[in-house]
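> Let's see this in three dimensions:
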Amino acid sequence: MKKLIFMASIIGLSSMAVFSAEPAKKPWKNALELSVVSSNGNSKSQSASGKDTFLYEWTKSSLELIAGGMKAEDDQGTIAERYNVSEKFSYKLSDRNYAFEKFAWDKDRFAGYQGRFDAGLGLGRELIKNDKNLLIGELGGGYLKEDRIHNEKDLSFATGRAYSKYTRTLSPTSNFSQDAEYIHDMEDPDNFRVNTETAVTAAINTSMALKVSYVWKHVGEPPTGFHRNDTITTVALVTNF
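The predicted model follows:
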């Protein structure tokens, strides 16, 4: 009887330990954004955009993969088309400091280029980090190559890069973010680039959210016949895995 009581006690304690343990936090997360707009009547147009962000975190490092695209058509044909992929690997040097390498490719023939390749290395720091606010800053350098259309001479040059991202928690179900990036052409200072994104995200339920974003891109010396500024406003449904 004593042996049975002892064995039952061991089994009971083991079961309590198993059921009381919190589920293990998964090392990865994925966010898929989709937006579709169709207009019919006096004018007819369709546009669709998508973006997928995958993040995998180890103890001291992380890998971020992003892929996206956007296409718009009207009665005359395609009026806008953009595609992009990128990867970024970060390694923690201390609690708030990290080193990173990144590579990105994008295509936008309506902005004057068939392909743009951007590679870089740098250092980053979490400048502000508390329950509601996160501000990071990055400095680095790299190399950019741009294949332009209309038989225009391709560009390739060394770059300097400054980047910051601010995230503010507005409520338990919503947040605001602001990204800003400056890319300096080491050979031609007038050919600088500026990229920004302003976004507000509000959760619909535990796995879906609504995101409104505004993107501004500026090129100091764009291809001949193209504008310096591009803007994109998107309302997208975000699914979190």
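
> Now do the same contact list for residue 113.
107, 146, 147, 148, 149, 223 (Cβ atoms under 8 Å, 6 or more residues apart in numbering). Yep, even glycine has a C-beta here, placed from its N, CA and C like the rest.

> What's opposite it in the beta bridge?
Partner residues in beta bridges with residue 113, using DSSP bridges, are residue 108, residue 148.

> In this structure, mark out all the helices, start to finish.
In the chain, helices defined by DSSP state H lie at 2-20, listed in chain order.

> any weak-confidence spans in it?
The chain contains residues with pLDDT under 70 at 1-24, 151.

> neighbours of the nearest residue to residue 128 once chain neighbours are set aside, just the number please.
Leaving aside its sequence neighbours, residue 128 sits nearest to residue 135 (Cβ to Cβ, 6 or more residues apart in numbering; 4.0 Å). Residue neighbour count, defined by other Cβ atoms under 10 Å, stands at 16 for residue 135.

> cool, and residue 149?
Considering only other Cβ under 10 Å, residue 149 is surrounded by 16 other residues.

> circling back to that earlier point, which one of the contacts of residue 113 is nearest residue 173?
Nearest to residue 173, judged by Cβ to Cβ, of the contacts of residue 113 is residue 107 at 35.5 Å.

> Look up the closest residue to the closest one, ignoring the ones flanking it.
Nearest one to residue 107, counting by Cβ to Cβ, 6+ apart, is residue 83 at 4.8 Å.

> now residue 51
Counting by Cβ to Cβ, 6+ apart, residue 68 is the residue found nearest to residue 51 once chain neighbours are left out, at 3.7 Å.

> So what pairs up with the one you found in the strands?
Under the criterion used (DSSP bridges), residue 68 bridges to residue 51, residue 84.

> Contact partners for the residue nearest to residue 128?
126, 127, 128, 129, 164, 165, 166, 167.

> who's it bridged to?
Beta bridges link residue 135 to residue 128, residue 166 when assigned by DSSP bridges.

> For the chain, just list every one of the strands.
28-39, 45-57, 61-74, 77-92, 97-108, 113-129, 133-148, 155-171, 174-185, 193-203, 208-219, 229-240 (DSSP state E).

> circling back: can you pull the contacts of the residue nearest to residue 107?
68, 69, 106, 107, 108.

> which one of those has the most neighbours?
Going by other Cβ under 10 Å, residue 108 tops those with 20 neighbours.

> any idea how far residue 97 is from it?
34 Å (Cβ to Cβ, to the nearest Å).

> returning to what we had before: how much space separates the residue nearest to residue 128 from residue 28?
Counting by Cβ to Cβ - residue 135 and residue 28 are separated by 25 Å.

> for residue 50, same thing?
Counting by Cβ to Cβ, the gap from residue 50 to residue 28 is 19 Å.

> more crowded one of those two?
Neighbours were counted for residue 50 and for residue 28 using other Cβ under 10 Å; residue 50 has more, 15 against 11.

> right, and the more buried one touches residue 35 too?
Yes - the criterion here is Cβ atoms under 8 Å, and residue 50 meets it with residue 35 at 7.4 Å.

> which neighbours do those two share?
Contacts common to residue 50 and residue 35, judged by Cβ under 8 Å, 6+ apart, are absent.

> which residues does the nearest residue to residue 194 once chain neighbours are set aside contact?
Excluding the flanking residues, the one nearest residue 194 by Cβ to Cβ, 6+ apart is residue 218, at 4.3 Å. By Cβ under 8 Å, 6+ apart, the contact set of residue 218 is 193, 194, 195, 228, 229, 230.

> State the number of residues packed around residue 37.
12.

> Kindly confirm whether my reading is correct that it touches residue 70.
No - Residue 37 lies out of contact with residue 70 (Cβ under 8 Å); the separation is 10.9 Å.

> Overlap in contacts, those two.
Residues touching both residue 37 and residue 70 by Cβ under 8 Å, 6+ apart: 47, 48.
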